[in-house]
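> Next comes the sequence, and after it the predicted model I'd like to discuss.
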Amino acid sequence: MPSVWVILMFIAQAAFVVRALLRPGLTPSARLAWVTIILALPVVGLAAYALFGEIRMARAQRERIREIRNRLNAAQIGQGGPLVQPSGPARPAFAAGHATSQFPPVGGNRLTLLPEGDAMMDDIIAAIEAAQHHVHVLYYIWLPDDTGTRMAQALCAAARRGVACRVLVDDHGARRMIRSALWRQMGAAGVALDRAAPLGNPLISLLFGRIDLRNHRKIVVVDNRLSWVGSRNCADAAFAIKRRFAPWVDILVRLEGPVVRQQQAVFVHDWMTHHAEDLSAVLTEPMPPDPSGTVTAQVISSGPDDVQTTPSDALCAMLYAATDRLVMTTPYYVPDQALHVAICSAAERGVAVDLILPARNDSAIVGAASESLLPELLHAGVRVHLFHPGLIHSKIVTVDGQFAMLGTANLDHRSFDLNYENSLLLACPDVTAELDARQQTYIDRAHPITRADVAGWPLWRRLRNNVIALASPLL
(Lines give C-alpha, C1' and ligand atoms only; values in the text may rest on other atoms or scores of the structure.)
Protein backbone atom coordinates (compact mmCIF):
# COMPACT_ATOMS: atom_id res chain seq x y z
CA MET A 1 0.00 0.00 0.00
CA PRO A 2 1.43 3.39 -0.92
CA SER A 3 2.01 5.68 2.00
CA VAL A 4 0.01 8.82 2.58
CA TRP A 5 3.05 10.92 1.64
CA VAL A 6 3.37 9.19 -1.72
CA ILE A 7 -0.29 9.82 -2.46
CA LEU A 8 -0.02 13.45 -1.42
CA MET A 9 3.08 13.89 -3.59
CA PHE A 10 1.28 12.35 -6.57
CA ILE A 11 -1.69 14.69 -6.07
CA ALA A 12 0.61 17.71 -5.74
CA GLN A 13 2.53 16.74 -8.89
CA ALA A 14 -0.70 16.29 -10.81
CA ALA A 15 -1.99 19.68 -9.63
CA PHE A 16 1.24 21.46 -10.54
CA VAL A 17 1.40 19.77 -13.95
CA VAL A 18 -2.17 20.85 -14.69
CA ARG A 19 -1.31 24.39 -13.62
CA ALA A 20 1.78 24.45 -15.87
CA LEU A 21 -0.34 23.23 -18.78
CA LEU A 22 -3.09 25.78 -18.17
CA ARG A 23 -1.04 28.83 -17.21
CA PRO A 24 -1.55 31.62 -19.77
CA GLY A 25 1.38 33.02 -21.71
CA LEU A 26 3.73 30.03 -21.55
CA THR A 27 5.26 28.71 -24.74
CA PRO A 28 4.95 24.97 -25.43
CA SER A 29 8.68 24.54 -24.77
CA ALA A 30 8.37 26.24 -21.38
CA ARG A 31 5.37 24.09 -20.47
CA LEU A 32 7.31 20.96 -21.44
CA ALA A 33 10.32 22.07 -19.42
CA TRP A 34 8.23 22.66 -16.31
CA VAL A 35 6.32 19.37 -16.66
CA THR A 36 9.62 17.52 -17.04
CA ILE A 37 11.13 19.15 -13.96
CA ILE A 38 8.00 18.58 -11.85
CA LEU A 39 7.80 14.90 -12.76
CA ALA A 40 11.54 14.11 -12.75
CA LEU A 41 12.39 15.97 -9.53
CA PRO A 42 9.27 15.74 -7.37
CA VAL A 43 10.31 17.78 -4.33
CA VAL A 44 12.73 20.13 -6.07
CA GLY A 45 10.41 20.53 -9.06
CA LEU A 46 7.40 21.46 -6.94
CA ALA A 47 9.45 23.95 -4.92
CA ALA A 48 10.98 25.43 -8.07
CA TYR A 49 7.59 25.95 -9.70
CA ALA A 50 6.14 27.41 -6.52
CA LEU A 51 8.99 29.94 -6.35
CA PHE A 52 9.74 30.65 -10.00
CA GLY A 53 7.05 29.12 -12.19
CA GLU A 54 4.68 32.07 -12.08
CA ILE A 55 5.31 35.77 -12.63
CA ARG A 56 3.69 36.63 -9.33
CA MET A 57 3.48 40.19 -8.11
CA ALA A 58 1.66 41.54 -5.09
CA ARG A 59 -1.76 42.86 -6.03
CA ALA A 60 -1.00 46.26 -4.54
CA GLN A 61 2.14 46.50 -6.65
CA ARG A 62 0.28 45.63 -9.85
CA GLU A 63 -2.39 48.20 -9.08
CA ARG A 64 0.25 50.83 -8.31
CA ILE A 65 2.02 50.17 -11.62
CA ARG A 66 -1.25 50.31 -13.54
CA GLU A 67 -2.27 53.56 -11.84
CA ILE A 68 1.05 55.22 -12.64
CA ARG A 69 1.00 54.01 -16.23
CA ASN A 70 -2.47 55.43 -16.75
CA ARG A 71 -1.47 58.72 -15.16
CA LEU A 72 1.64 59.16 -17.25
CA ASN A 73 0.01 57.95 -20.47
CA ALA A 74 3.27 56.86 -22.05
CA ALA A 75 1.92 56.99 -25.57
CA GLN A 76 1.31 60.75 -25.29
CA ILE A 77 4.53 61.41 -23.39
CA GLY A 78 6.48 59.88 -26.23
CA GLN A 79 5.15 62.52 -28.61
CA GLY A 80 7.58 65.15 -27.38
CA GLY A 81 9.19 65.48 -30.79
CA PRO A 82 8.44 65.06 -34.47
CA LEU A 83 6.66 61.74 -34.96
CA VAL A 84 8.05 59.60 -37.74
CA GLN A 85 6.37 56.83 -39.67
CA PRO A 86 9.35 54.69 -40.72
CA SER A 87 9.11 53.15 -44.14
CA GLY A 88 10.95 50.25 -45.66
CA PRO A 89 12.50 47.27 -43.81
CA ALA A 90 12.66 48.95 -40.38
CA ARG A 91 8.94 49.69 -40.19
CA PRO A 92 7.78 46.34 -38.68
CA ALA A 93 10.46 46.54 -35.97
CA PHE A 94 9.34 50.03 -34.91
CA ALA A 95 5.71 48.85 -34.91
CA ALA A 96 6.65 45.95 -32.64
CA GLY A 97 8.58 48.32 -30.38
CA HIS A 98 5.53 50.59 -30.12
CA ALA A 99 3.37 47.61 -29.18
CA THR A 100 5.79 46.73 -26.37
CA SER A 101 6.19 50.08 -24.62
CA GLN A 102 3.78 52.48 -26.37
CA PHE A 103 6.55 54.88 -27.38
CA PRO A 104 6.36 55.99 -31.02
CA PRO A 105 9.46 56.52 -33.17
CA VAL A 106 10.59 60.16 -33.09
CA GLY A 107 13.00 62.01 -35.37
CA GLY A 108 15.49 64.80 -34.80
CA ASN A 109 17.79 62.90 -32.44
CA ARG A 110 21.56 62.96 -32.18
CA LEU A 111 23.47 59.92 -30.93
CA THR A 112 27.12 59.79 -29.90
CA LEU A 113 28.92 56.48 -29.45
CA LEU A 114 31.29 56.77 -26.48
CA PRO A 115 34.75 55.17 -26.28
CA GLU A 116 35.22 51.74 -24.81
CA GLY A 117 36.48 51.33 -21.26
CA ASP A 118 36.18 53.42 -18.12
CA ALA A 119 36.48 56.64 -20.14
CA MET A 120 32.88 56.23 -21.34
CA MET A 121 31.63 57.07 -17.84
CA ASP A 122 33.49 60.39 -17.86
CA ASP A 123 30.82 61.72 -20.24
CA ILE A 124 28.04 61.10 -17.71
CA ILE A 125 30.02 62.46 -14.78
CA ALA A 126 30.91 65.64 -16.70
CA ALA A 127 27.23 66.19 -17.55
CA ILE A 128 26.25 65.75 -13.88
CA GLU A 129 28.90 68.28 -12.88
CA ALA A 130 27.33 70.78 -15.35
CA ALA A 131 23.68 69.96 -14.49
CA GLN A 132 21.44 72.93 -13.69
CA HIS A 133 17.99 71.54 -12.90
CA HIS A 134 17.88 67.80 -12.25
CA VAL A 135 19.76 64.50 -12.55
CA HIS A 136 17.93 61.18 -12.65
CA VAL A 137 19.92 57.96 -12.25
CA LEU A 138 18.76 54.34 -12.50
CA TYR A 139 21.18 51.40 -12.37
CA TYR A 140 20.94 47.66 -11.88
CA ILE A 141 24.48 47.38 -10.49
CA TRP A 142 26.34 50.21 -8.79
CA LEU A 143 29.62 49.33 -7.10
CA PRO A 144 31.47 51.55 -4.61
CA ASP A 145 34.63 51.34 -6.74
CA ASP A 146 36.43 54.20 -8.53
CA THR A 147 33.68 54.79 -11.10
CA GLY A 148 30.91 54.39 -8.54
CA THR A 149 32.67 56.74 -6.12
CA ARG A 150 33.19 59.44 -8.75
CA MET A 151 29.53 59.21 -9.78
CA ALA A 152 28.40 59.49 -6.15
CA GLN A 153 30.67 62.45 -5.50
CA ALA A 154 29.40 64.26 -8.61
CA LEU A 155 25.81 63.74 -7.45
CA CYS A 156 26.63 65.00 -3.95
CA ALA A 157 28.20 68.15 -5.37
CA ALA A 158 25.23 68.71 -7.70
CA ALA A 159 22.73 68.27 -4.87
CA ARG A 160 24.61 70.73 -2.66
CA ARG A 161 24.40 73.44 -5.32
CA GLY A 162 20.63 72.98 -5.62
CA VAL A 163 20.23 70.46 -8.43
CA ALA A 164 17.44 67.94 -7.79
CA CYS A 165 19.20 64.56 -7.83
CA ARG A 166 17.26 61.30 -7.69
CA VAL A 167 18.86 57.85 -7.61
CA LEU A 168 17.02 54.54 -8.02
CA VAL A 169 18.96 51.27 -7.90
CA ASP A 170 18.00 47.62 -7.95
CA ASP A 171 17.91 46.32 -4.39
CA HIS A 172 19.83 43.17 -5.28
CA GLY A 173 22.22 44.32 -8.00
CA ALA A 174 23.32 47.44 -6.10
CA ARG A 175 23.33 45.95 -2.61
CA ARG A 176 27.03 46.74 -2.09
CA MET A 177 26.44 50.41 -2.81
CA ILE A 178 23.32 50.50 -0.63
CA ARG A 179 25.33 49.16 2.31
CA SER A 180 28.28 51.47 1.72
CA ALA A 181 29.22 54.81 3.26
CA LEU A 182 28.79 56.42 -0.18
CA TRP A 183 25.05 55.70 -0.10
CA ARG A 184 24.73 57.45 3.25
CA GLN A 185 26.88 60.34 2.02
CA MET A 186 24.59 60.88 -0.97
CA GLY A 187 21.56 60.91 1.30
CA ALA A 188 23.21 63.40 3.66
CA ALA A 189 24.07 65.66 0.69
CA GLY A 190 20.42 65.83 -0.34
CA VAL A 191 20.28 63.19 -3.06
CA ALA A 192 16.90 61.44 -3.04
CA LEU A 193 17.53 57.69 -2.84
CA ASP A 194 15.31 54.67 -3.37
CA ARG A 195 15.52 50.98 -4.16
CA ALA A 196 13.77 49.19 -7.02
CA ALA A 197 12.34 45.71 -6.46
CA PRO A 198 13.14 45.77 -2.72
CA LEU A 199 13.79 42.31 -1.31
CA GLY A 200 12.82 42.91 2.32
CA ASN A 201 12.56 39.63 4.20
CA PRO A 202 12.86 36.97 1.46
CA LEU A 203 10.78 34.42 3.36
CA ILE A 204 7.90 36.88 3.73
CA SER A 205 8.32 38.29 0.22
CA LEU A 206 8.00 34.80 -1.26
CA LEU A 207 4.44 34.63 0.04
CA PHE A 208 3.38 37.59 -2.09
CA GLY A 209 5.46 37.35 -5.26
CA ARG A 210 8.68 36.33 -6.95
CA ILE A 211 11.88 37.73 -5.53
CA ASP A 212 13.95 37.32 -8.69
CA LEU A 213 12.18 40.01 -10.75
CA ARG A 214 14.96 42.58 -11.16
CA ASN A 215 15.20 46.09 -12.56
CA HIS A 216 18.02 45.59 -15.07
CA ARG A 217 17.80 49.09 -16.61
CA LYS A 218 20.65 51.60 -16.88
CA ILE A 219 19.35 55.14 -17.41
CA VAL A 220 20.77 58.58 -16.66
CA VAL A 221 18.88 61.76 -17.61
CA VAL A 222 20.30 65.25 -17.08
CA ASP A 223 18.12 68.39 -17.31
CA ASN A 224 15.66 66.72 -19.72
CA ARG A 225 18.35 67.36 -22.33
CA LEU A 226 20.85 64.49 -22.20
CA SER A 227 20.49 60.79 -21.58
CA TRP A 228 22.51 57.61 -22.03
CA VAL A 229 21.58 54.11 -23.12
CA GLY A 230 23.66 50.95 -23.21
CA SER A 231 24.87 47.95 -21.26
CA ARG A 232 27.25 49.67 -18.83
CA ASN A 233 26.51 49.46 -15.12
CA CYS A 234 27.90 52.07 -12.73
CA ALA A 235 31.12 50.19 -12.09
CA ASP A 236 34.70 49.91 -13.29
CA ALA A 237 35.42 47.69 -16.26
CA ALA A 238 37.50 45.66 -13.81
CA PHE A 239 34.16 44.72 -12.16
CA ALA A 240 35.37 43.81 -8.68
CA ILE A 241 32.54 41.38 -7.89
CA LYS A 242 33.52 39.15 -10.84
CA ARG A 243 37.11 40.17 -11.35
CA ARG A 244 38.25 36.91 -12.90
CA PHE A 245 36.08 37.59 -15.94
CA ALA A 246 37.31 41.18 -16.37
CA PRO A 247 37.50 43.42 -18.19
CA TRP A 248 33.79 43.72 -18.88
CA VAL A 249 33.38 45.25 -22.33
CA ASP A 250 30.30 47.45 -22.69
CA ILE A 251 28.57 49.84 -25.08
CA LEU A 252 27.29 53.31 -24.12
CA VAL A 253 25.62 55.94 -26.31
CA ARG A 254 24.75 59.55 -25.43
CA LEU A 255 21.29 60.69 -26.57
CA GLU A 256 20.13 64.21 -27.43
CA GLY A 257 16.74 65.13 -28.83
CA PRO A 258 13.13 64.03 -28.36
CA VAL A 259 13.98 60.43 -27.49
CA VAL A 260 15.42 61.73 -24.20
CA ARG A 261 11.79 62.38 -23.19
CA GLN A 262 11.06 58.67 -23.57
CA GLN A 263 14.06 57.77 -21.42
CA GLN A 264 12.79 60.24 -18.85
CA ALA A 265 9.34 58.65 -18.95
CA VAL A 266 10.82 55.24 -18.12
CA PHE A 267 12.72 56.67 -15.15
CA VAL A 268 9.69 58.61 -13.91
CA HIS A 269 7.51 55.51 -14.13
CA ASP A 270 9.99 53.45 -12.11
CA TRP A 271 10.58 56.24 -9.59
CA MET A 272 6.88 56.75 -8.95
CA THR A 273 6.38 52.99 -8.63
CA HIS A 274 8.68 52.94 -5.60
CA HIS A 275 8.46 56.52 -4.32
CA ALA A 276 5.53 58.73 -3.30
CA GLU A 277 6.87 61.76 -5.19
CA ASP A 278 4.86 62.67 -8.29
CA LEU A 279 7.29 63.54 -11.09
CA SER A 280 4.79 63.65 -13.95
CA ALA A 281 5.28 67.43 -14.38
CA VAL A 282 8.84 66.89 -15.60
CA LEU A 283 7.42 65.18 -18.67
CA THR A 284 5.39 68.22 -19.73
CA GLU A 285 8.29 70.65 -19.82
CA PRO A 286 9.04 72.10 -23.29
CA MET A 287 11.70 70.11 -25.08
CA PRO A 288 12.43 71.25 -28.64
CA PRO A 289 14.18 68.70 -30.85
CA ASP A 290 17.87 69.11 -31.52
CA PRO A 291 18.02 70.89 -34.91
CA SER A 292 21.15 68.98 -35.85
CA GLY A 293 19.70 65.55 -35.07
CA THR A 294 19.02 63.18 -37.95
CA VAL A 295 18.37 59.89 -36.16
CA THR A 296 14.96 58.23 -35.86
CA ALA A 297 14.81 56.48 -32.50
CA GLN A 298 12.42 54.73 -30.14
CA VAL A 299 12.79 53.52 -26.56
CA ILE A 300 11.63 49.96 -25.97
CA SER A 301 11.04 49.39 -22.26
CA SER A 302 9.66 46.10 -20.99
CA GLY A 303 8.99 44.29 -17.76
CA PRO A 304 7.27 41.30 -16.16
CA ASP A 305 4.13 43.26 -15.30
CA ASP A 306 3.21 43.26 -19.01
CA VAL A 307 4.67 40.39 -21.02
CA GLN A 308 2.21 40.23 -23.92
CA THR A 309 4.90 41.73 -26.13
CA THR A 310 8.64 41.83 -25.48
CA PRO A 311 11.85 43.11 -27.12
CA SER A 312 12.04 39.71 -28.80
CA ASP A 313 9.16 40.73 -31.08
CA ALA A 314 11.03 43.78 -32.37
CA LEU A 315 14.22 41.74 -32.71
CA CYS A 316 12.44 39.08 -34.78
CA ALA A 317 11.04 41.79 -37.04
CA MET A 318 14.55 43.15 -37.50
CA LEU A 319 15.99 39.74 -38.35
CA TYR A 320 13.35 38.89 -40.92
CA ALA A 321 13.94 42.27 -42.58
CA ALA A 322 17.67 41.54 -43.06
CA THR A 323 18.79 40.98 -46.65
CA ASP A 324 22.56 41.54 -46.53
CA ARG A 325 24.26 41.48 -43.12
CA LEU A 326 23.27 40.88 -39.53
CA VAL A 327 25.69 41.37 -36.61
CA MET A 328 24.75 40.54 -33.02
CA THR A 329 26.63 40.85 -29.74
CA THR A 330 25.35 39.44 -26.45
CA PRO A 331 26.87 37.93 -23.31
CA TYR A 332 23.94 35.55 -22.79
CA TYR A 333 22.42 33.62 -25.68
CA VAL A 334 19.43 31.60 -24.51
CA PRO A 335 16.72 33.03 -26.79
CA ASP A 336 13.13 32.01 -27.21
CA GLN A 337 12.45 29.61 -30.07
CA ALA A 338 11.08 32.33 -32.37
CA LEU A 339 14.24 34.43 -32.13
CA HIS A 340 16.58 31.45 -32.55
CA VAL A 341 14.69 30.32 -35.64
CA ALA A 342 14.78 33.85 -37.06
CA ILE A 343 18.58 33.96 -36.69
CA CYS A 344 19.06 30.57 -38.34
CA SER A 345 16.59 31.48 -41.08
CA ALA A 346 18.50 34.65 -41.89
CA ALA A 347 21.72 32.69 -42.38
CA GLU A 348 19.99 29.98 -44.41
CA ARG A 349 18.56 32.50 -46.88
CA GLY A 350 21.99 33.97 -47.55
CA VAL A 351 22.32 36.82 -45.04
CA ALA A 352 25.84 37.10 -43.61
CA VAL A 353 25.19 36.54 -39.89
CA ASP A 354 27.85 37.15 -37.23
CA LEU A 355 27.16 36.32 -33.58
CA ILE A 356 29.66 37.48 -30.93
CA LEU A 357 29.60 35.66 -27.59
CA PRO A 358 32.02 35.49 -24.64
CA ALA A 359 34.60 32.73 -24.82
CA ARG A 360 34.07 32.21 -21.08
CA ASN A 361 30.70 33.03 -19.55
CA ASP A 362 30.34 34.30 -16.00
CA SER A 363 27.30 32.00 -15.68
CA ALA A 364 28.27 28.35 -16.19
CA ILE A 365 24.63 27.29 -16.62
CA VAL A 366 23.86 29.95 -19.23
CA GLY A 367 27.15 29.20 -20.96
CA ALA A 368 26.25 25.52 -21.27
CA ALA A 369 22.74 26.32 -22.53
CA SER A 370 24.26 28.65 -25.13
CA GLU A 371 26.69 25.95 -26.24
CA SER A 372 23.81 23.56 -26.83
CA LEU A 373 22.55 25.89 -29.58
CA LEU A 374 25.88 26.33 -31.36
CA PRO A 375 25.63 23.21 -33.56
CA GLU A 376 22.33 24.38 -35.05
CA LEU A 377 23.61 27.94 -35.53
CA LEU A 378 26.78 26.75 -37.26
CA HIS A 379 24.86 24.29 -39.43
CA ALA A 380 22.63 27.15 -40.59
CA GLY A 381 25.70 29.16 -41.59
CA VAL A 382 25.94 31.59 -38.66
CA ARG A 383 29.53 32.71 -38.00
CA VAL A 384 30.06 32.48 -34.24
CA HIS A 385 32.92 34.43 -32.66
CA LEU A 386 34.06 33.80 -29.07
CA PHE A 387 35.38 37.02 -27.51
CA HIS A 388 38.44 37.11 -25.27
CA PRO A 389 40.08 38.26 -23.08
CA GLY A 390 37.45 39.59 -20.73
CA LEU A 391 33.68 39.28 -20.93
CA ILE A 392 31.79 40.88 -23.77
CA HIS A 393 28.80 42.52 -22.05
CA SER A 394 27.51 44.73 -24.88
CA LYS A 395 24.06 44.03 -26.30
CA ILE A 396 23.92 45.15 -29.96
CA VAL A 397 22.04 44.06 -33.08
CA THR A 398 22.65 45.76 -36.46
CA VAL A 399 20.83 45.06 -39.72
CA ASP A 400 22.09 45.77 -43.24
CA GLY A 401 24.03 48.82 -42.04
CA GLN A 402 20.72 50.69 -41.78
CA PHE A 403 19.10 50.18 -38.37
CA ALA A 404 20.04 48.76 -35.00
CA MET A 405 19.08 48.01 -31.42
CA LEU A 406 21.21 48.36 -28.29
CA GLY A 407 20.55 48.60 -24.58
CA THR A 408 20.22 46.36 -21.55
CA ALA A 409 18.31 43.35 -22.89
CA ASN A 410 20.28 40.18 -23.52
CA LEU A 411 19.16 37.56 -26.02
CA ASP A 412 17.66 35.37 -23.31
CA HIS A 413 14.39 34.50 -21.64
CA ARG A 414 15.21 36.42 -18.46
CA SER A 415 15.56 39.70 -20.34
CA PHE A 416 12.40 39.10 -22.37
CA ASP A 417 10.11 37.85 -19.60
CA LEU A 418 11.43 38.60 -16.10
CA ASN A 419 13.66 41.69 -16.02
CA TYR A 420 12.74 45.34 -16.39
CA GLU A 421 14.80 46.25 -19.46
CA ASN A 422 15.46 49.33 -21.56
CA SER A 423 16.65 49.31 -25.18
CA LEU A 424 16.84 51.75 -28.06
CA LEU A 425 15.78 51.01 -31.63
CA LEU A 426 17.29 53.41 -34.16
CA ALA A 427 17.36 53.98 -37.90
CA CYS A 428 20.42 55.81 -39.20
CA PRO A 429 23.12 54.47 -41.57
CA ASP A 430 25.86 56.59 -39.96
CA VAL A 431 25.20 55.46 -36.39
CA THR A 432 24.67 51.87 -37.50
CA ALA A 433 28.03 52.01 -39.28
CA GLU A 434 29.66 53.12 -36.03
CA LEU A 435 28.05 50.23 -34.18
CA ASP A 436 29.19 47.82 -36.89
CA ALA A 437 32.72 49.20 -36.59
CA ARG A 438 32.64 48.70 -32.82
CA GLN A 439 31.43 45.13 -33.27
CA GLN A 440 34.23 44.53 -35.77
CA THR A 441 36.70 45.39 -33.01
CA TYR A 442 35.04 42.65 -30.96
CA ILE A 443 35.43 40.17 -33.83
CA ASP A 444 39.09 41.16 -34.12
CA ARG A 445 39.56 40.15 -30.46
CA ALA A 446 37.63 36.91 -30.83
CA HIS A 447 38.29 33.50 -32.35
CA PRO A 448 35.81 31.69 -34.57
CA ILE A 449 34.30 28.39 -33.54
CA THR A 450 33.64 25.89 -36.31
CA ARG A 451 31.50 22.81 -36.82
CA ALA A 452 34.67 20.75 -36.53
CA ASP A 453 35.38 22.30 -33.12
CA VAL A 454 31.92 21.41 -31.88
CA ALA A 455 32.15 17.89 -33.31
CA GLY A 456 35.34 17.44 -31.30
CA TRP A 457 33.69 18.16 -27.95
CA PRO A 458 33.79 15.16 -25.60
CA LEU A 459 30.58 13.26 -24.98
CA TRP A 460 30.24 14.56 -21.40
CA ARG A 461 30.27 18.16 -22.62
CA ARG A 462 27.58 17.61 -25.22
CA LEU A 463 25.50 15.65 -22.72
CA ARG A 464 25.86 18.39 -20.09
CA ASN A 465 24.89 21.11 -22.55
CA ASN A 466 21.82 19.29 -23.80
CA VAL A 467 20.61 18.32 -20.32
CA ILE A 468 20.88 21.93 -19.15
CA ALA A 469 19.22 23.08 -22.38
CA LEU A 470 16.07 21.20 -21.35
CA ALA A 471 15.52 23.99 -18.83
CA SER A 472 16.59 26.79 -21.18
CA PRO A 473 13.02 28.14 -21.58
CA LEU A 474 13.13 28.83 -17.83
CA LEU A 475 16.55 30.52 -17.65
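That came in fine, so what should we check first?

> What distance do you get for the most centrally placed residue in the chain to residue 314?
By CA atoms, centre = their mean, the mean C-alpha position of the chain lies nearest to residue 409, the distance being 2.5 Å. Going from residue 409 to residue 314 by CB to CB, to the nearest Å gives 10 Å. For every residue, glycine as well, the C-beta is placed using N, CA and C.

> re the thing from before, return the residues in contact with the residue nearest to the centre of the chain.
Contact analysis of residue 409 by CB atoms under 8 Å, 6 or more residues apart in numbering lists 216, 302, 311, 395, 415, 416, 419, 421, 422, 423.

> so after the worst-scoring helix or strand of the chain on mean pLDDT, what's the next helix or strand?
Ranking every helix and strand in the chain by mean pLDDT, DSSP states H and E puts helix 74-77 at the bottom, with a mean of 48. Going down the chain from helix 74-77, the next helix or strand is helix 91-101, by DSSP states H and E.

> Return the set of buried residues in that following helix.
Using 16 or more other CB atoms under 10 Å as the test for burial, helix 91-101 gives 91, 92, 93, 94, 95, 96, 97, 98, 100, 101.

> cool, and stretch 105-122?
Neighbour counts over stretch 105-122 (16+ other CB under 10 Å) mark 105-111, 113-114, 116, 118, 120-121 as buried.

> Just the terminal-to-terminal distance for it.
29 Å (CA to CA, to the nearest Å).

> Quick one: distance of it to the chain centre.
Computed by CA atoms, centre = their mean, to the nearest Å, the chain-centroid distance of stretch 105-122 equals 17 Å.

> Now name the helix or strand holding residue 301.
According to DSSP H and E, residue 301 maps onto strand 295-302.

> Direction-wise, compare that strand with helix 91-101 and give the angle.
Strand 295-302 and helix 91-101 meet at an angle of 40 degrees, taking axes from the mean of the first three to the mean of the last three CA atoms, to 10 degrees as the criterion.

> how many neighbours does residue 384 have?
21 (other CB atoms under 10 Å).

> pLDDT wise, what is it at?
With respect to pLDDT, residue 384 scores 98.

> Assign it to helix, strand or coil.
strand (DSSP: H, G, I helix; E, B strand; the rest coil).

> what sits opposite it in the beta ladder?
residue 355, residue 449 (DSSP bridges).

> surely it meets residue 451?
No - applying CB atoms under 8 Å, one finds residue 384 not in contact with residue 451, separated by 10.1 Å.

> who touches both of these two?
residue 378.

> thinking again about what came up before, spell out which helix or strand contains the residue nearest to the centre of the chain, please.
Using DSSP H and E, no helix or strand contains residue 409.

> Provide a list of residue ranges in this structure with pLDDT below threshold.
Applying pLDDT under 70 to the chain picks out residues 1-2, 24-27, 29, 50-81, 200-211, 288-291, 306-308, 471-475.

> if we go to 50?
1, 74-75, 78-79 (pLDDT under 50).

> okay, now the domains of it?
The record, using automatic domain parsing to delimit domains, assigns the chain the ranges 4-52, 59-87+108-298, 311-474.
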